[in-house]
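Undergrad: I would like to see how this sequence folds:
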Amino acid sequence: MDNKQLIEKFYSSFANGDANGMISCYTDDITFTDPAFDTLHGDDAKSMWRMLLQNKGVKVTFSNVSADDKTGSALWVAEYTFSRTGRKVINRVSAQFEFRDGLIVKHTDSFDVWKWAGQAMGFAGWLLGWTPFMRNKIQQQVRGLLAKFKG
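TA: Numbers count the residues shown, from 1 in each chain. Model (predicted):
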């Protein structure tokens, strides 16, 4: 399987709610980074996908997949209901990948935190979503959820 197919497998697994399929695309020492979780390594990154896919109402689509021997990219969209507020979220994400030995060794997701916070938390998120305070608060909350999930 080439690296483009690897990314397609990753997102097809995501769209089908298959965390193990996603995780099988990662090296054991994967580094994952995004605005919500900041940087996660290894089992923490893998556990994050298991935790996130507990929400069965997530619809994932992906496009613009490209890759060469060393790097790759994709665009993806997650549509879901934010559990804390019941608000609908459509999160548009740009992903960058690095590969080693036929697997993803580094995965970086980028998205507009202000736009996400406004959708997920309404006016308070829109008002404060751009601030470092809000980003830190989001990171603390999701890392707490991940720690609780891992037990």
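Undergrad: Which neighbouring elements make contact with the host helix or strand of residue 98?
TA: In this assignment (DSSP states H and E), residue 98 forms part of strand 87-100. Under the contact definition 3 or more Cβ pairs under 8 Å, 6 or more residues apart in numbering; DSSP states H and E, strand 87-100 sits against helix 3-15, strand 71-82, strand 103-110, helix 113-121. The C-beta positions use only the backbone N, C-alpha and C, and glycine is treated the same way.
Undergrad: Would you tell me which one of these is buried the most?
TA: Mean neighbour count (mean count of other Cβ atoms under 10 Å) peaks for helix 113-121 among these, with a mean of 20.
Undergrad: same for it, what does it pack against?
TA: Packing partners of helix 113-121 (3+ Cβ pairs under 8 Å, 6+ apart): strand 71-82, strand 87-100, helix 123-128, helix 132-150.
Undergrad: Next, the buried residues of the second one.
TA: When burial is assessed from 16 or more other Cβ atoms under 10 Å, strand 87-100 yields the following buried residues: 89, 91, 93, 95, 97, 99.
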